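A.B. asks: Give me the fold of what follows.
(one chain, ligands or ions: 1)
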Amino acid sequence: MWGIIATWRMALEGVAASATALAAGKAAAGAVVDAVAAVEDFPFYKSVGYGGLPTENGEVELDAAFMDGDTLAFGAVGNLVDIANPVRVAHALSRQRYNSVLVGQGAREWALSQGFAAKAMLTERAMQHYRKRCRETLDKGLSPYDGHDTVGIIGLDCHHSMSVATSTSGLFMKKRGRLGDSPIIGSGFYCDSETGAATATGVGEDLMKGCTSYEIVRRMAQGMTPQQAADSVVCELEDKLMSRFGRAGDLSVVCMNRNGEFGAATNIKTFSFVVATASQPLTVFRAERIREKTHYQPVDDEWMQAYAARIRAPIEE
Ligand code: ASP
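C.D. replies: As a prediction, the model looks like this:
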């Protein structure tokens, strides 16, 4: 058995290549890192890697993580500036006994010392979004805006090993130095090859309140199916936030267990995810929640075409 599941349609091309590699016997770790790096490299995805949207200071600060479900080793970077593939740095950090989570200048210095390539990650297109947003909010003042989305990818290989990796530019217009859930173990990602893995996307400040990914894996270990674990965690967290905090942000998750069974849950209108396993051909699904349960169906050609047009549409400044 092998399998791979990822948040958002943007993961499709990377997942497609890694699904083929997993089927041919590639290890889960390399498969998820390569799939995430493909998303980081694509300039039209404005919430991950090159082309990601900047902070309120106009800089692109990137967060990424990697976890090996066999050893529980993990590495993460936060607020990393101008390094080509944050996920590869996180993967390299996971091999360090100490100092496996680095942020800001320290993360950048370490990456450069290890030979990772420097690259200006702010594109002209991202600056157009930034200038537009600055003008739109002139009267109200800047605030983090829901122009975000994290790629999180889980892999299961033919040798029963699992890994997970995440990468994001975080919330558009975030404060310099802000971290979301994506580089935080247990919140944005968790992986244990004996059970399964989960990864999250949405408002990091809220996802962290539920230690969301760890909680999903814990429920799978207790016997829930991936779908039950995903739905119950998202629903309960949303209810709790509403009753105790007064509001709940976007919360979406995907998960997979060690048998390649998967689940997805969301509290937003449209959450897309990509999955392929030995028994499930590569598919982009569109998930929505109807009465406490997430339902999903494959997207159609029209949806795919509208998506392709949307991400490349000119930005009216
Ligand atoms: N969870 C990410 C963050 O808070 C953003 C997202 O996934 O949409 O940084």
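
A.B. asks: In this structure, mark out all the helices, start to finish.
C.D. replies: Ranges of helices within the chain are 12-23, 28-41, 86-93, 104-113, 124-136, 204-207, 212-221, 226-244, 301-312, based on DSSP state H.

A.B. asks: Tell me which of the ones you listed is the most buried.
C.D. replies: Of all the helices of the chain, helix 86-93 carries the top mean neighbour count, a mean of 27, counting by mean count of other CB atoms under 10 Å. Placement of C-beta: from N, CA and C, glycine included.

A.B. asks: ok and it relative to helix 28-41, angle-wise?
C.D. replies: Taking axes from the mean of the first three to the mean of the last three CA atoms, to 10 degrees, one finds helix 86-93 and helix 28-41 inclined to each other by 150 degrees.

A.B. asks: quick one: helix 86-93 to helix 104-113, angle?
C.D. replies: Using the same axes, to 10 degrees: helix 86-93 against helix 104-113 is 80 degrees.

A.B. asks: Point out the other helices and strands that helix 86-93 packs with.
C.D. replies: Here helix 86-93 touches helix 28-41, strand 62-68, strand 74-80, helix 104-113, strand 162-168, going by 3 or more CB pairs under 8 Å, 6 or more residues apart in numbering; DSSP states H and E.

A.B. asks: mean confidence score for that helix?
C.D. replies: For helix 86-93, mean pLDDT rounds to 98.

A.B. asks: Using PDB, write out every CA atom in it.
C.D. replies: Only the C-alpha atoms of helix 86-93 are listed here, as PDB (Å, rounded to 0.1, in the frame of the first residue of the first chain):
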ATOM      1  CA  PRO A  86      11.900  26.300   3.000                       C
ATOM      2  CA  VAL A  87      10.600  22.700   3.100                       C
ATOM      3  CA  ARG A  88      14.100  21.400   2.200                       C
ATOM      4  CA  VAL A  89      15.600  23.400   5.000                       C
ATOM      5  CA  ALA A  90      13.000  22.000   7.400                       C
ATOM      6  CA  HIS A  91      13.800  18.500   6.200                       C
ATOM      7  CA  ALA A  92      17.500  19.000   6.700                       C
ATOM      8  CA  LEU A  93      16.800  20.400  10.200                       C
END
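
A.B. asks: which parts of this structure sit against the ligand?
C.D. replies: 148-150, 168, 170-171, 180-182, 201-204, 207 (CB under 6 Å from any ligand atom).

A.B. asks: Now these in TSV, please, with extra columns for pLDDT.
C.D. replies: What follows is these, written out as TSV (pLDDT from 0 to 100):
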residue	pLDDT
148	76
149	92
150	97
168	98
170	95
171	92
180	97
181	98
182	98
201	97
202	96
203	95
204	96
207	97
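
A.B. asks: Among the residues you listed, which lie within strands?
C.D. replies: Within the residues of the chain next to the ligand, residues falling in strands by DSSP state E are 168, 201-202.

A.B. asks: which intervals of the stretch 51-200 of the chain have sub-threshold pLDDT?
C.D. replies: 138-147 (pLDDT under 70).

A.B. asks: Pick out the residue of it closest to the ligand.
C.D. replies: In the stretch 51-200 of the chain, no residue comes nearer to the ligand than residue 180, which is 2.3 Å away by CB to the nearest ligand atom.

A.B. asks: neighbours around that residue, how many?
C.D. replies: By other CB atoms under 10 Å, the residues close to residue 180 number 28.

A.B. asks: ditto for residue 101
C.D. replies: Residue 101, neighbours per other CB under 10 Å, totals 19.

A.B. asks: when you give positions from now on, start the count at 618
C.D. replies: Understood, numbering begins at 618; the last thing we discussed is residue 718.

A.B. asks: dump the residue contacts of the residue nearest to it when sequence neighbours are not counted.
C.D. replies: Distance criterion CB to CB, 6 or more residues apart in numbering; nearest residue to residue 718, sequence neighbours excluded, is residue 693 at 4.6 Å. With contacts defined as CB atoms under 8 Å, 6 or more residues apart in numbering, residue 693 is in contact with 680-683, 707, 710, 717-719, 800-802.
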